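Novice: Sharing a sequence plus its predicted fold:
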Amino acid sequence: MRWILIVTATIAIVVGFFYLYQRQLGAIAFFLTSIYFFSLAYSLLSKKAKNSIKNEKEKERKI
């Protein structure tokens with residue numbers, strides 16, 4: 001079910017971006033894409049930071 005939702009949302013986004021580019025509003029599509037990639041990178045980096053902090057605490061407990 002989640003996979004169908006993701007595929008449908010991706011298709012809708014692609015169609016929306018195509019429409020914006022046809023109307024000479026490509027900067028809006030680029031801006032929205034940049035926000036998406038920024039949030040994706042931020043979430044990945046914050047997860048990585050949380051895991052490294054957790055690993056450091058576990059090492060301190062073992063000592």
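Specialist: Here it is on my side, so go on.
Novice: max-length helix in this structure?
Specialist: When the chain is parsed with DSSP state H, its longest helix is helix 26-62.
Novice: could you measure the residue nearest the centre of the chain against Leu25, distance?
Specialist: The centroid of the chain falls nearest to Leu40 when counting by C-alpha atoms, centre = their mean (2.6 Å). Computed as C-beta to C-beta, to the nearest Å, the Leu40 to Leu25 distance reads 23 Å. Heads up, the C-betas are built off the backbone N, CA and C, glycines and all.
Novice: again, but for Ser43
Specialist: 27 Å.
Novice: Tell me, how many residues neighbour Leu44?
Specialist: 10 (other C-beta atoms under 10 Å).
Novice: picking up where we left off before, which of Ser43 and Leu25 has more neighbours?
Specialist: Leu25 (13 against 10).
Novice: and the more buried one, backbone torsions?
Specialist: Main-chain torsions, Leu25, degrees, to the nearest 10: phi -120, psi 40.
Novice: So for it, what's the pLDDT?
Specialist: Note for Leu25: predicted pLDDT of 77.
Novice: go on, Ile11?
Specialist: Ile11 is given a pLDDT of 92.
Novice: same question, Glu58
Specialist: 68.
Novice: Equivalent analysis for Thr8, please.
Specialist: Looking at Thr8, the pLDDT reads 92.
Novice: mind checking which helix or strand it is in?
Specialist: helix 2-22 (DSSP states H and E).
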